[in-house]
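Novice: Give me the fold of what follows.
(chains A and B)
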Amino acid sequence: MAGRLPFGDLTVSDRKTWFQTTAIDYPNSRPHIGTAFEKLGADVQARYRRMEGFDVCFLMGNDENTTKVSKRAVELSQETQAYADDMARQFREVWDALEITYDVFIQTSSERHKQCCRKFIQKVFDNGFIYKGSYAGWYCEGCEEFKSDKQHEENNGLCPNHRTPLVRRSEPCYFFKLSAFSDRLLAHYEANPDFIQPEIRKNEIVSLIKTEGLRDINISRAGEEWGIRIPFDPEFTIYVWFDALLTYITGIGYGDDEATFKKNWPCDTHFIGKDITRFHTALWPAMLWAAGEEAPKRVFAHGFVYFEGGKISKSRADELKKKGLEYLFEPMEIVRRFSAEAFRYYFLRECPFPADGDFSPDRFIEVYNSELPNNLGNLLSRCVTVAAKNFQGVLEGTGGRNPIDELAALGFGDLPSLVGDIRATVERCQYNLTLQRIIQEVCTPANRFLDQTAPWKLVKTGNADDLALAKQVIYRAVQVLRVASILLKPFIPKSAETIYRSFNFPTPWAEVKYADAAELQAQPDDLRVTAELVDGKVKPLFPRIG
RNA sequence: CGCGGCGUGGAGCAGCCCGGUUAGCUCGCCAGGCUCAUAACCUGGAGGUCAUAGGUUCAAAUCCUAUCGCCGCAACCA
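Specialist: Predicted coordinates:
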């Protein structure tokens, strides 16, 4: 799935579609924990929607048409394009390692993107939403934007971000009539309460527009070599934000593959960081309307990951380097030392996606060990071992039994409502709550159940009834594993698959849905252990760490 | 009065939007059990006036107001 060509195998079908994107990244440094967090949260949603039968298109990419990128290339004595291509390769390597199942990866320096981009801006121009003017102001080369006079004054002539002197710059330029869309935007927020998620971000934007209003925005830059030329005035390049947002449509065929574009647009969810909400919820819909297109359906602004309570500053980084912990900033390194599944689990379980989260090595080990090896992994091991050692892995007489009855007896009578709740949390991207419930309300009770019924004792009494009872006990516990593996599929896909494939469940893994976790069907055959065994045991699914 | 977030047993958190069982979870601590399982698992226990002060209510960790404290936006992050 990952890495396939943008348009090669997308076909029009009758299936309901789901199109989602993540923010495209500046490739002036390697991806870090925070960018990985965003991709993970988006990936869970994509995997969940695929399970639910949607025809999913998941778009990601790199935002390369910025002077930061060309500057960095110069520092490294590389051609800008070669540098951008190599960074794209490195980003994809990380995303692949984290099992991010993107369908389209867009580089904004690609010819296809540039062409589509020019078509779009020409359309906006033709529709009368771009006009020529001139702009004079205090410019920061680091931010690639003009700062307001107020900011210039407050910071003694320095950029508040970079602490470098602001330069007075005056230039002819092209403006986009953003101000013309204030009322329409406010009306849109009102009419579509879920457009901006979570609600807190919506309130911020609404209040921002009501108090400060929206001003026309300069969308051109003069004197740049690297970037996309404005079609109606090649002296200028397109401002990076105006260009970058367009990946969301150029990546699905805007301008040259109408069928694919129509199939996927409007976007179901843009996943972004909370700091760029304004661009996605005000500028972006306005741009689309100006070109005669629809606004996206939903923008989801996730929180940030902090490091042991604080932000990841330069000094914090140095501090960690001294302790030999610098690998913690490198997603690839964390994956190499532990596993992609451990990485995914920690961030999804511990950091609330809609709000800020925290990362600490100690907590990482604690969360992982207590919930994966000790709880879920252990449940698998003990079920398999008891079945294998005492029944040669085949639980005769369990075929045809309805697991629902069995599970009701186990205390899972309200499985449908639990699964319903869990689906709701997944759809709201409250992944930490989802995982909390799966562990606490599915896995933990199963471990308890085994202790209470102690099948390993029943098999030793020499009594035929006890032997039969032991089989039923294991059967029930294994059904819980089935439920857990299905619910965990979007989160830790490989481990969930290993659990599921450890037994002969009838539905193929590729076809399981969340509904299957709530409405089980009787197995046609006796339950059998299909996991690979060494000395009658399974290899630990999650090795303990620390 | 710039905007926003947070304050829950020793540590870290969930619950708060849609008030209502003995305030839940992980780690740590104490005692016991089990020995199928990855030195894993299970049971019981100690430990909390849910930041503070008011208010609404039959009922507030949960809603409202105020106060205090910490943090983010805001030193090359999203």
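
Novice: From now on I want contacts and neighbour counts done on CA atoms only, so please keep to that.
Specialist: OK.

Novice: so how far is A:K177 from A:L208?
Specialist: Distance of A:L208 to A:K177, given as C-alpha to C-alpha, to the nearest Å: 18 Å.

Novice: These two: which is more packed in?
Specialist: A:K177 (21 against 13; other C-alpha atoms under 10 Å).

Novice: so what's the backbone phi/psi at the nearest residue to that one once chain neighbours are set aside?
Specialist: Leaving aside its sequence neighbours, A:K177 sits nearest to A:D216 (C-alpha to C-alpha, 6 or more residues apart in numbering; 4.8 Å). Main-chain torsions, A:D216, degrees, to the nearest 10: phi -60, psi 150.

Novice: Can you give me the neighbour number for A:K494?
Specialist: When neighbours are counted by other C-alpha under 10 Å, A:K494 registers 16.

Novice: Next up, the contacts around it.
Specialist: A:E341 (C-alpha atoms under 8 Å, 6 or more residues apart in numbering).

Novice: Check for me that it belongs to a strand.
Specialist: No. Applying DSSP: H, G, I helix; E, B strand; the rest coil, one finds A:K494 to be helix, outside a strand.

Novice: From A:R344, how far out is it?
Specialist: Taking C-alpha to C-alpha, one finds A:K494 at 11 Å from A:R344.

Novice: mind showing which ranges of the stretch 201-350 of chain A have poor pLDDT?
Specialist: Residues of the stretch 201-350 of chain A that meet the criterion pLDDT under 70 lie in A:309-325.

Novice: Not counting its neighbours along the chain, what's nearest the residue in it that RNA strand B sits nearest to?
Specialist: Residue nearest to RNA strand B within the stretch 201-350 of chain A (C-alpha to the nearest atom of the strand): A:F304, separated by 3.0 Å. Spatial nearest neighbour of A:F304, excluding adjacent residues (C-alpha to C-alpha, 6+ apart): A:D356 at 4.7 Å.

Novice: for the one you found, phi and psi?
Specialist: As for A:D356, its main-chain torsions (degrees, to the nearest 10) stand at phi -80, psi 150.

Novice: can you check A:D55 too?
Specialist: phi -90, psi 100.

Novice: Quick one: neighbours of the residue nearest to it when sequence neighbours are not counted, just the number.
Specialist: The shortest distance from A:D55 to any non-neighbouring residue, by C-alpha to C-alpha, 6+ apart, is to A:T17 (4.5 Å). Applying other C-alpha under 10 Å, we find 20 other residues in the vicinity of A:T17.

Novice: Roughly how far does the residue of the stretch 201-350 of chain A closest to RNA strand B sit from A:A97?
Specialist: Distance from A:F304 to A:A97, by C-alpha to C-alpha: 21 Å.

Novice: between these two, which one's more packed in?
Specialist: A:F304 (23 against 16).

Novice: Contacts only, for that one.
Specialist: A:G34, A:G273, A:K274, A:A355, A:D356, A:G357.

Novice: so what's the backbone phi/psi at it?
Specialist: The phi/psi pair for A:F304 (degrees, to the nearest 10) is phi -110, psi 160.

Novice: Please report how far it lies from A:E99.
Specialist: 21 Å.

Novice: Might you report the residue contacts of the residue nearest to A:K177?
Specialist: By C-alpha under 8 Å, 6+ apart, the contact set of A:D216 is A:F175, A:F176, A:K177, A:L178, A:S179.

Novice: average pLDDT for stretch A:463-470?
Specialist: The pLDDT scores in stretch A:463-470 average 90.

Novice: Please point out which parts of that stretch sit buried.
Specialist: A:D466, A:L467, A:A468, A:A470 (16 or more other C-alpha atoms under 10 Å).

Novice: Which members of those occur in helices, if any?
Specialist: Taking DSSP state H, the ones among the buried residues of stretch A:463-470 that sit in helices are A:D466, A:L467, A:A468, A:A470.

Novice: Beyond the helix-or-strand element of chain A with minimal mean pLDDT, next helix or strand please.
Specialist: Every helix and strand of chain A was ranked by mean pLDDT, DSSP states H and E. The lowest is helix A:403-407, at a mean of 54. Going down the chain from helix A:403-407, the next helix or strand is helix A:415-427, by DSSP states H and E.

Novice: Just checking, which helix or strand succeeds that next one along the chain?
Specialist: Next helix or strand after helix A:415-427 toward the C-terminus (DSSP H and E): helix A:431-438.

Novice: Dump that following helix to PDB, restricted to CA.
Specialist: Provided in PDB are the C-alpha atoms of helix A:431-438 (Å, rounded to 0.1, in the frame of the first residue of the first chain):
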ATOM      1  CA  TYR A 431      -7.400   6.900  21.000                       C
ATOM      2  CA  ASN A 432      -6.000   6.900  24.500                       C
ATOM      3  CA  LEU A 433      -9.500   6.300  25.900                       C
ATOM      4  CA  THR A 434     -10.000   3.500  23.300                       C
ATOM      5  CA  LEU A 435      -6.900   1.600  24.400                       C
ATOM      6  CA  GLN A 436      -7.700   2.200  28.000                       C
ATOM      7  CA  ARG A 437     -11.000   0.500  27.700                       C
ATOM      8  CA  ILE A 438      -9.700  -2.400  25.600                       C
END
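
Novice: In the helix or strand that it is followed by, which residues are buried?
Specialist: Per DSSP H and E, the first helix or strand lying C-terminal to helix A:431-438 is helix A:444-453. Neighbour counts over helix A:444-453 (16+ other C-alpha under 10 Å) mark A:T444, A:P445, A:A446, A:N447, A:F449, A:L450 as buried.

Novice: is RNA strand B contacted by helix A:444-453?
Specialist: Yes. Applying C-alpha under 7 Å from any atom of the strand, one finds helix A:444-453 touching RNA strand B at A:T444, A:N447, A:R448, A:L450, A:D451, A:Q452.

Novice: Helix A:431-438 and that helix, what's the angle between them?
Specialist: Computed with axes from the mean of the first three to the mean of the last three C-alpha atoms, to 10 degrees, the direction of helix A:444-453 lies at 10 degrees from that of helix A:431-438.

Novice: which outside residues touch helix A:444-453?
Specialist: A:N375, A:L379, A:L410, A:V473, A:I474, A:A477, A:V480.

Novice: Now render those as a markdown table, adding pLDDT, distance to RNA strand B and neighbour count.
Specialist: Below are the contacts of helix A:444-453 laid out as a markdown table (pLDDT from 0 to 100; distance: C-alpha to the nearest atom of the strand, whole Å; neighbours: other C-alpha atoms under 10 Å):
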| residue | pLDDT | distance to RNA strand B | neighbour count |
| --- | --- | --- | --- |
| A:N375 | 96 | 5 | 18 |
| A:L379 | 96 | 7 | 22 |
| A:L410 | 54 | 14 | 16 |
| A:V473 | 89 | 11 | 20 |
| A:I474 | 92 | 10 | 24 |
| A:A477 | 91 | 11 | 23 |
| A:V480 | 91 | 14 | 22 |
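
Novice: Mind checking which of the residues you listed land in helices?
Specialist: Secondary structure from DSSP H places A:L379, A:V473, A:I474, A:A477, A:V480 of those in helices.

Novice: Just flag the most distant two among these.
Specialist: Farthest pair in those (C-alpha to C-alpha) is A:L379 and A:V473. Separation: 12.9 Å.

Novice: overlap in contacts of these two?
Specialist: Going by C-alpha under 8 Å, 6+ apart, no residue sits against A:L379 while also sitting against A:V473.

Novice: So what touches stretch A:35-51?
Specialist: A:18, A:20-22, A:25, A:56-58, A:95, A:98, A:100-102, A:271-273, A:302, A:305, A:331, A:344, A:347-348, A:353, A:426-427, A:429, A:431, A:489-491, A:511-514.
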